[in-house]
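Visitor: The sequence isn't on hand, but the structure is:
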């Protein structure tokens, strides 16, 4: 399998490109609108056909390139059924997204937001099993839980019941990183993610309630835009 | 093989951790002094023993953590024989650095600086062949050649004769990236590195001579410190 990890230095967002080199079918996870040209050029250079664009959730810190990529490549957009109403395919637990002979499997992991999904890849020759965790599980951390129906208890449950139960060697590819890490493994996070493993559920909820983080600078613009897949005309938020 | 790619957002430097999970023997390539604590903690968490710290060249944009890592872990420091006089092991073409059953092989690739090395890894189960190119070859670019005995013609020759002759699938792990790329392959760079493949040697030299880049902000401090492996007392520059 062809795999590329791409970074947005402005929002510290990781974008992931997965592709089947035989058919050329490719997926992008969490592309950033400002980096549309970089990603389109990479698809051309690698001779890939983008078949689907996935967002792990409705982001509050950057605008998705999903809608623009759909317009320019014909790719399907996909995200949680309870997130952006603009997407072509609304995903639930265990839904699969195909590229060539490969599959990503959606795992509902609410907590950072109510619509947060992780995507599981079972592995391929030369590429071990991996999970793309969005902002649910970061390397030695996790996403905040104080907006967009965030819920610290739900995040704790998602991580412990749905991610930490994956095999130890499963690679963890996060939606962001702020310390220079590119990846981790489930085993490593189970042992060393101090925020999530040093305390019981109630203490974790209390910790998250006391973080008092500043409101994301772009939240109003980004959430509205992302519910419209990043395109100019946002859909009404009443949906 | 255990592999981690680590980023310094301040200088856009990539640091690489390679380790043998059986013996725990580990190498770091191009660690950054300001991120010493992050990297030491990761070594502890992954239960690794650092055996060597490699610098691809005497950097002008950041200070190496090599000397500090040597003090704190007992690891050997290694770099080009014509670069920093402080290192324990001075490397020439084809010299090998061992970690567990694995080897990195030094390739002299002057041009960005006169002491620039690349490091070749022949591959291991689950990890394809790779070359760590420092600032000689970047994703779709290359390092500048206007200081520290830089030489555009030498860089052109290093890339075309010593790197582009590696197998197409060899992964390219650069010393820096400024556009959000983490890696490439030799085949990809041979096809799409416009700066290096669109022109003959003389035109490349003229292009590099005309870049008129600003002087690196940290060059005086960094080069002096790096010739002392990043430790407080720099050695005289007359060597």
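Guide: Received, thanks. Note that the structure is a prediction, hence the values are computed from the model and not measured.
Visitor: Verify the stated contact: residue A:128 with residue B:127.
Guide: No. Counting by CB atoms under 8 Å, residue A:128 does not reach residue B:127; the two are 10.2 Å apart. Just so you know, the C-beta spots here come from the backbone N, C-alpha and C atoms, and that holds for glycine as well.
Visitor: what about stretch A:105-125, start to end distance?
Guide: One end of stretch A:105-125 to the other measures 18 Å (CA to CA, to the nearest Å).
Visitor: per-residue confidence averaged over it?
Guide: Mean per-residue pLDDT for stretch A:105-125: 97.
Visitor: Could you pull out the buried residues of it?
Guide: A:105-121, A:123-124 (16 or more other CB atoms under 10 Å in any protein chain shown).
Visitor: Now for the residue nearest to residue A:211 when sequence neighbours are not counted: which residues touch it?
Guide: Leaving aside its sequence neighbours, residue A:211 sits nearest to residue A:144 (CB to CB, 6 or more residues apart in numbering or on different chains; 6.6 Å). Going by CB atoms under 8 Å, 6 or more residues apart in numbering or on different chains, residue A:144 touches A:112, A:135, A:150, A:208, A:211, A:213.
Visitor: Could I have the PyMOL command that selects the buried members from the residues you listed?
Guide: The PyMOL selection below is limited to those of the contacts of residue A:144 classed as buried (16+ other CB under 10 Å):
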select buried, chain A and resi 112+135+150+208
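Visitor: Would you check which pair of the contacts of residue A:144 lies furthest apart?
Guide: A:135 and A:211 (13.9 Å; CB to CB).
Visitor: for chain B, what are the nearby residues on chain A?
Guide: Chain A comes close to chain B at residues A:4-9, A:12, A:15, A:35, A:38, A:45-46, A:126, A:128, A:177, A:179-183, A:188, A:191-192, as judged by CB under 8 Å from any CB of the partner chain.
Visitor: if we look at the lowest-mean-pLDDT helix or strand in chain A, which residues are touching it?
Guide: Across the helices and strands of chain A, mean confidence by mean pLDDT, DSSP states H and E is lowest for helix A:219-227: a mean of 93. Outside helix A:219-227, the residues that touch it by CB under 8 Å, 6+ apart are A:33, A:55, A:58-64, A:83-86, A:147-148, A:216, A:231, A:234-235, A:237, A:239.
Visitor: if we can go back for a sec, for chain B, state which of the contacts of residue A:144 is nearest.
Guide: Distance ranking of these against chain B, using CB to the nearest CB, places residue A:135 first at 18.3 Å.
Visitor: Pull out the buried residues from stretch A:163-170.
Guide: A:163, A:164, A:166, A:170.
Visitor: Grab the two from those that are most spread out in space.
Guide: Maximum pairwise distance in the buried residues of stretch A:163-170, criterion CB to CB, is 10.0 Å, between A:164 and A:170.
Visitor: Only whichever of the contacts of helix A:219-227 are buried, select them in ChimeraX.
Guide: Per 16+ other CB under 10 Å, the buried members of these correspond to this ChimeraX selection:
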select /A:33,55,58,59,60,61,62,63,64,83,84,86,148,216,231,234
